[in-house]
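1. Next comes the sequence, and after it the predicted model I'd like to discuss.
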Amino acid sequence: MFTAAATLHAHRPCLGHRPISPTDGSAGPYVWESYGSVLSRATHLSAALSTTLAPAPVSPGDAVGVYGSNAPAWMLAMQACNRTGARCVPLYDTLGDEAVRFVLAHAGAAVVFCGADKLGALATALTPGRPPHPVAGTPVVHTIIVWGTPAGSGVGEEALSAAAATTGARVVSFEAFEAAGAAVSPLPLPAPATAADICTIMYTSGTTGDPKGVLISHGAVLTTVAGQRAGMDQMGGPMGERFTPDDVMLSYLPLAHIFDRALEELFLAVGGRIGYWRGRIDGVLDDIQALRPTLFIGVPRVFDRVYAGVQAQLARASPLRRAIFSVATWHKARGLAAGLHWGAASPLADALVFSKVKARLGGRTRLVVSGSAPLAPKVEAFLRVAMCCPVLQGYGLTETCSSSFVAPPSADQAGRVGGPLPLLHMCLESVPDMGYDATATPPRGEVLIRGPTVFAGYYRDAEQTAAVLDPDGWFHTGDVGEVRADGSLRLIDRKKALFKLAQGEYISPERVEAALAGSGLVEQVWVTGDSLAAFPVAVAVPREDALRKLLASTPSIAKLGALPPASAGCEALCEVPGAAAAVAAALAAAAAAAGLRPFEVPRAVALEPEAWTPEGGLMTPTFKLKRPALGSKYKAVVSDLYAGVEDAPVHGL
């Protein structure tokens, strides 16, 4: 697929990056490599993999690791794996050294492409003498190929030598390895892969236990790209939203995750441009302005921040400006609900108000796509109005090669993920314990998916494979959905995260958390329960500005004069006496407004001023909560919440 695109679009720009100044760290304008150049370089890397490595060159079916932030070199390494017939094994750049060690050993990767900023972490993971993992064993890596440095000036020989001494592996720069492949003459022809051959072993980030290696075939990737293109033709085509070689996307979500990977494959297939971020979250807004993407993909956490930023600006604006924004939002939402094109729903509102929001994404975005988890209804409604372009919400899993469902860009699809993409089948299976009946009206049950994008199983784990992939080929997602009258799917619950209360009622914490997140008061929230208690409790990371506003409007707190000065941070606000009680009351009101049943509402809340991150081990790289890790961290807090709930839900961390 890539060779065909590179031949057709040989002289068009393909992969871009921003050179970083070694003196002051500033980023220059995007520099682009053509499709022809990328194909040539991938061919050289493939030749080096299959001919120059000792003690053993890479053969078809071998595993090759890729560890680092998104960069052109990451994509070149992956394309080299495809040409060699090797299995690309991405490693999340936020993984700890134990997980890196596990994945490399479990996959049997003897060669690793690594970003220079991850070389130290990789060397630590590969330090000899550590005990083997009882399932995975010990990694045996004989070659590490390193690209770039944080300053963008190449990899120093001293760093390569230090890594070689620590790991016992041959450590070589990306440039030297590529040159070795270019010197091979004649270049070996790649062994053609079949549709059933494994393209990638993509390890799930894992909310519990060790990561699982998802086996994704070449056929699954090709079918996903074909389905995405056909789906866009069906849904966006009538309004001119097909992907073309003129489209540009920003690569900043992890390439080690299937969501970004599948869309980058799509862009390469159509001859589009992929601009890579500099690898730092504090520079991503500047990267967006420099690139001005036409497609912007994100996860709810990203769009939650966009929404919160606009709301914070509105809170500081004059009453007149807030009124103008409110009227513009109402007027455009009404036009969209009437079926008008997003450009015709309210041109005046776009020009006067929403063009400023669109400018935050570079000003020429014509499609926004959200995945990984459901958008909060408030945020989705805001995006549909404010982005001045269609906003699509999709649904898929690593095991289904990302895109499985995509909602059409119409107002009546709010809260839904659309129907299955071409070539996929779906059905619902009843979940009696949760009261979901697949034969009811509307049908509700666990979402099952079957088709050529479904994975081939978990690598070296027949038991886990059999638990989710039945003999008829149906993959059991663990997500609970509702099929609407028009055939679209709405996700309503999660099967696997259930816990039972003392009275026998089941609680879906993700459903409760989604309702609480809609309050606008919390950045993050974790809901948990005890089977000996009749109610759940929660730990919440509040939004600082929203918390300050809440405390200032709470009479029992305001009259004490205990509110910290504006210069004080979130930690000081969380320690205000009565702060947790005020948050608990506000979240209870939000839960009731969202239709939660009384026993689902957390009775007590603890406040945590520090956000949970993948680096801290409390979230996955795709920003899902790691519930066992949170349970371990807050075990004593949860115990105190239950013990003190008779008095008041007050507990500051």
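-> Received it, and whenever you're ready, just let me know what you need.
2. need the next SSE after the strand ranked longest in the chain, C-terminal direction.
-> Longest strand in the chain by number of residues (criterion: DSSP state E): strand 475-483. Beyond strand 475-483 in the direction of the C-terminus, DSSP states H and E gives the next helix or strand as strand 489-494.
3. Need the contact partners of the helix or strand that that following strand is followed by.
-> Note on strand 489-494: by DSSP H and E, the next helix or strand toward the C-terminus is strand 499-500. Contact with strand 499-500 is made by 506, 507, 509, 528, 529, 531, 536, as judged by CB atoms under 8 Å, 6 or more residues apart in numbering. For the C-beta atoms, the positions are set from N, CA and C on the backbone; glycine is no exception.
4. Need the residues you listed in JSON lines (columns: neighbour count).
-> As requested, the contacts of strand 499-500 are exported to JSON lines (neighbours: other CB atoms under 10 Å):
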{"residue": "506", "neighbour count": "16"}
{"residue": "507", "neighbour count": "23"}
{"residue": "509", "neighbour count": "22"}
{"residue": "528", "neighbour count": "21"}
{"residue": "529", "neighbour count": "26"}
{"residue": "531", "neighbour count": "9"}
{"residue": "536", "neighbour count": "22"}
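5. what's the closest of those residues to residue 261?
-> Residue 261 lies nearest to residue 509 out of those, by CB to CB, at 28.7 Å.
6. Isn't that closest one up against residue 497?
-> Yes - counting by CB atoms under 8 Å, residue 509 does reach residue 497; the two are 5.4 Å apart.
7. just for the stretch 351-500 of the chain, where's the confidence low?
-> In the predicted model, the stretch 351-500 of the chain carries pLDDT under 70 at residues 410-414.
8. Okay, helices next: where are they in it?
-> 355-359, 377-386, 462-468 (DSSP state H, counting those that start in this stretch).
9. Which residue, neighbours along the chain excluded, lies closest to residue 442?
-> In space, and not counting its chain neighbours, residue 442 is closest to residue 482: 5.3 Å by CB to CB, 6 or more residues apart in numbering.
10. Please tell me I have it right and that neighbour contacts residue 447.
-> No - counting by CB under 8 Å, residue 482 does not reach residue 447; the two are 9.7 Å apart.
11. and for the two, which residues touch both?
-> By CB under 8 Å, 6+ apart, the residues touching both residue 482 and residue 447 are 489, 491.
12. which of those two has more neighbours?
-> residue 447 (27 against 19; other CB atoms under 10 Å).
13. which residues does the more buried one contact?
-> Contacts here follow CB under 8 Å, 6+ apart; on that basis residue 447 touches 426, 428, 477, 479, 480, 481, 489, 491.
14. so how far is residue 484 from the second one?
-> Using CB to CB, to the nearest Å, one gets 12 Å for the distance from residue 428 to residue 484.
15. out of the two, which sits in the busier spot?
-> Between residue 428 and residue 484, counted using other CB under 10 Å, the more crowded position is residue 428 (22 against 16).
16. does the more buried one have beta-bridge partners, and which?
-> Per DSSP bridges, the residues bridged to residue 428 are residue 447.
17. returning to that earlier point: any residues in contact with both of residue 509 and residue 497?
-> Common neighbours of residue 509 and residue 497 (CB under 8 Å, 6+ apart) are residue 627.
18. Could you give me the buried positions within stretch 356-368?
-> Residues of stretch 356-368 classed as buried: 357, 358, 360, 361, 362, 365, 366, 367, 368 (neighbour count, 16 or more other CB atoms under 10 Å).
19. So what does the third one look like in phi/psi?
-> Backbone geometry at residue 360, expressed as degrees, to the nearest 10, gives phi -60, psi -20.
20. That one - nearest residue in space that isn't next to it in sequence?
-> Residue 360 sits nearest to residue 306 (CB to CB, 6+ apart), 7.1 Å away.
21. Could you grab the helix/strand/coil label for the one you found?
-> Three-state assignment for residue 306 (DSSP: H, G, I helix; E, B strand; the rest coil): helix.
22. And the pLDDT at the nearest residue in space to residue 126 that is not next to it in sequence?
-> Counting by CB to CB, 6+ apart, residue 126 lies nearest to residue 167, which is 4.2 Å off, once chain neighbours are set aside. On pLDDT, residue 167 comes in at 91.
23. Residue 139 versus residue 167, what's the distance?
-> The value you get for residue 167 to residue 139, if CB to CB is used, is 9 Å.
24. So between those two, which is more surrounded?
-> Set residue 167 next to residue 139 and count neighbours by other CB under 10 Å: residue 139 wins out with 26 against 22.
25. pretty sure the more buried one contacts residue 109?
-> Yes - taking contacts as CB under 8 Å, residue 139 lies within contact range of residue 109: 7.2 Å.
26. Which residue comes closest to residue 426 once chain neighbours are left out?
-> In space, residue 426 is closest to residue 420, 4.9 Å off (CB to CB, 6+ apart).
27. got the contact list for the one you found?
-> By CB under 8 Å, 6+ apart, residue 420 lies in contact with 404, 405, 426, 449, 451, 489.
28. any chance you could read off phi and psi for residue 336?
-> Per-residue torsions, residue 336: phi -70, psi -40 (degrees, to the nearest 10).
29. The stretch 551-653 of the chain: strands as residue ranges?
-> For the stretch 551-653 of the chain, the strands defined by DSSP state E, counting those that start in this stretch cover 605-607.
30. that older thread, for the longest strand of the chain, buried residues please.
-> Buried, per 16+ other CB under 10 Å, within strand 475-483: 475, 476, 477, 479, 480, 481, 482, 483.
31. same check, this time on stretch 158-171
-> 159, 160, 163, 166, 167, 169, 170, 171.
32. I figured the first one hits residue 117, correct?
-> No - with contact defined as CB under 8 Å, residue 159 does not count as touching residue 117 (10.5 Å).
33. Highest mean neighbour count out of the helices of the stretch 351-500 of the chain?
-> helix 377-386 (a mean of 21; mean count of other CB atoms under 10 Å).
34. Run through the neighbouring helices and strands of it.
-> helix 300-316, helix 319-337, strand 367-370, strand 391-395 (3 or more CB pairs under 8 Å, 6 or more residues apart in numbering; DSSP states H and E).
35. ok, the shortest one: who's next to it in the sheet?
-> The reference is to strand 367-370. Short version: by DSSP bridges, strand 367-370 pairs with strand 295-298 (parallel), strand 391-395 (parallel).
36. Kindly reformat these as CSV and extend each row with distance to residue 180 and mean neighbour count.
-> CSV is the format used below for the strands paired with strand 367-370 (distance: least, CB to CB, whole Å; neighbours: other CB atoms under 10 Å):
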stretch, distance to residue 180, mean neighbour count
strand 295-298, 35, 22
strand 391-395, 41, 25
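37. mind checking which of those is nearest residue 546?
-> strand 295-298 (21.4 Å).
38. OK, contacts around the residue lying closest to residue 333 once chain neighbours are set aside?
-> Nearest residue to residue 333, sequence neighbours excluded (CB to CB, 6+ apart): residue 385, at 5.5 Å. By CB under 8 Å, 6+ apart, the contact set of residue 385 is 329, 332, 333, 336, 354.
39. Now flag whichever of these is closest to residue 224.
-> residue 336 (29.1 Å).
40. Other residues contacting whichever strand or helix holds residue 262?
-> Using DSSP H and E, residue 262 maps to helix 258-270. Here helix 258-270 makes contact (CB under 8 Å, 6+ apart) with 1-2, 5, 14, 70, 75, 90, 200, 202, 216, 221, 224-225, 228-229, 243-245, 247, 249, 251, 253-255, 273-274, 295, 297, 299, 369, 371-372, 396-398, 401-403, 622.
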